[in-house]
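Asker: Based on what follows, work out the 3D shape:
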Amino acid sequence: MSKPAEAPSPRQTRGLKAAAAKRAAAKAAAQQPFGTPGPPFSRSAPFMMGFLGALGALVAYWLATRIDAISGVLILIVVSMFVAVGINPTVEWLQRKGLKRHWAVLAVISMVIAVLTIFVVTIVPVASDQISKIVKNAPLWLDQLSNNRWLQGIDSRFDVIDKVKAYLAESDLGGQLFGGVLGAAGALVGFLADTLIVAILTLYFLANMPTIKQAMWKLAPASRRERVSLLGERILDGIGGYVSGAFIVALFAGVTTLVFLLAVGLGEYAVALALVVAFLDVIPMVGATLGALIVIGIAFATDTKTGIIAVIFYVIYQQLENYVIYPRVMSKSVDVPGVVIVIAAVVGATLLGVIGALLAIPTAAAILLIMREVVIRRLDAT
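Answerer: Residues are numbered from 1 along each chain as shown. Okay, the predicted model is just below:
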């Protein structure tokens, strides 16, 4: 009977493993014609960290420049989305009345096109003629306003009235505004192109709003998707209510100004000034005041009694708009403290002008809602 083989000792085992490793290394070296590869670079090495940091900074700078290059397109996309969200409540109202969504979208878009067509055909020519009259009469009004003692004190120091009169009297005023005929044509073409892009994107967003919203909610984790969708729907409802409400308030201001100017005998400038007031009224906080000051200035230049009536009218109307019209129109859209409205409007206007001021308030409302429902609740739970 043969004697069983003894198990190798630990020392022998280590020797066998070392020999096997040497044979494997020799075999690998034989297969590498240029020698055995060295160990990889350590990512914590100073050179590697500096190289990766510099590469990341260059990539970030390149992305920033690319985003800046397409900033105009991004603004158009944001504006289109806000316009679509503002029109969407009307589409959903038609859906609740029994129309399918594509028919509701078609009805709303047709109504918007019809209103814009009527506006361009009937109001724009009248407004253009009245604006020409305002520019023509502006030097005479400035002469009349220069009799005011307060204005005389300012004019004696800064020579404001003479500078404005000289500016209005220049024959190349249009060239200064638009850089000549070619500049004006380019500005018009650019405006029409931007309008077309916004119209197409708005139509696309409006037609596919439910699909877009569902795709956005799916980006959230499944455990939080329901809460994200509820918060998102509330934010979109607020944005839609604010955008549509802002245009309703502006329309009311324009129509009221039109009626007032016709009543006090300033009908030859009524349409143009009503459009100015409506446009400026869209700007939060200061727009309505600026529009009122323009009308009051022209009213005073025309007749002192008319100017006093205009001051009384706009003081009353401002109170009516601030405490009756605006709260009722915006009651279901945004809930933002006054100081936040001021800060948001200033920041938005600084970044994107009138569009930024208009979009800043619903954006601030969305941020406040997220802070209340997510951040503060999480802090309260700790």
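Asker: Low-confidence regions, this structure specifically.
Answerer: Applying pLDDT under 70 to the chain flags the ranges 1-9, 11, 25-43, 119-120, 122-191, 285, 330-335, 338.
Asker: switch to 90 and redo it
Answerer: Applying pLDDT under 90 to the chain picks out residues 1-54, 56, 66-255, 258-259, 261-311, 314-315, 317-382.
Asker: Centre of the chain to the one helix or strand Gly86 maps to, how far?
Answerer: Counting by DSSP states H and E, the element that carries Gly86 is helix 71-96. Helix 71-96 has its C-alpha centroid displaced from the chain centroid by 12 Å (CA atoms, centre = their mean, to the nearest Å).
Asker: Please shift the residue numbers so they start at 20 in all later answers.
Answerer: Shifting the count to begin at 20 puts that one at helix 90-115.
Asker: That helix - contacts with which helices or strands?
Answerer: If you count contacts as 3 or more CB pairs under 8 Å, 6 or more residues apart in numbering; DSSP states H and E, helix 90-115 packs onto helix 120-137, helix 199-226, helix 228-236, helix 244-282, helix 357-389. C-beta here means a position set from N, CA and C on the backbone, and glycine is covered the same way.
Asker: Out of those helices, flag the one nearest Thr323.
Answerer: Thr323 lies closest to helix 244-282 among the helices and strands packed on helix 90-115, at 16.5 Å (CB to CB).
Asker: following the closest one, which helix or strand comes up?
Answerer: Next element after helix 244-282 (DSSP H and E): helix 289-300.
Asker: That next one packs against which elements?
Answerer: Using 3+ CB pairs under 8 Å, 6+ apart, helix 289-300 is in contact with helix 143-164, helix 244-282, helix 306-321.
Asker: Let's have these in JSON lines, adding distance to Leu35 and mean neighbour count.
Answerer: As requested, the helices and strands packed on helix 289-300 are exported to JSON lines (distance: least, CB to CB, whole Å; neighbours: other CB atoms under 10 Å):
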{"stretch": "helix 143-164", "distance to Leu35": "96", "mean neighbour count": "14"}
{"stretch": "helix 244-282", "distance to Leu35": "58", "mean neighbour count": "18"}
{"stretch": "helix 306-321", "distance to Leu35": "88", "mean neighbour count": "20"}
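Asker: With Val127 as the reference, name the closest of those.
Answerer: helix 244-282 (11.5 Å).
Asker: Surely Glu340 is in contact with Val268?
Answerer: Yes. Contact criterion CB atoms under 8 Å: Glu340 and Val268 qualify, at 6.7 Å.
Asker: one step back: I'd like the helices and strands packed on helix 289-300 as a markdown table, with distance to Val366 appended.
Answerer: Shown next, in a markdown table, are the helices and strands packed on helix 289-300 (distance: least, CB to CB, whole Å):
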| stretch | distance to Val366 |
| --- | --- |
| helix 143-164 | 32 |
| helix 244-282 | 17 |
| helix 306-321 | 16 |
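Asker: Let me see the backbone angles for Asn227.
Answerer: Backbone torsions for Asn227, taken as degrees, to the nearest 10, come to phi -110, psi 20.
Asker: and it, how many neighbours does it have?
Answerer: If you count neighbours by other CB atoms under 10 Å, Asn227 ends up with 14.
Asker: gap between it and Thr221?
Answerer: Noted for Asn227: a distance of 11 Å to Thr221, by CB to CB, to the nearest Å.
Asker: What helix or strand is Pro303 located in?
Answerer: Using DSSP H and E, Pro303 is not contained in any helix or strand.
Asker: OK, contacts around the residue lying closest to Ala376 once chain neighbours are set aside?
Answerer: Nearest residue to Ala376 in three dimensions, chain neighbours excluded: Ala368, at 4.0 Å (CB to CB, 6 or more residues apart in numbering). Contacts for Ala368 (CB atoms under 8 Å, 6 or more residues apart in numbering) come out as Ile302, Gly375, Ala376, Ala379.
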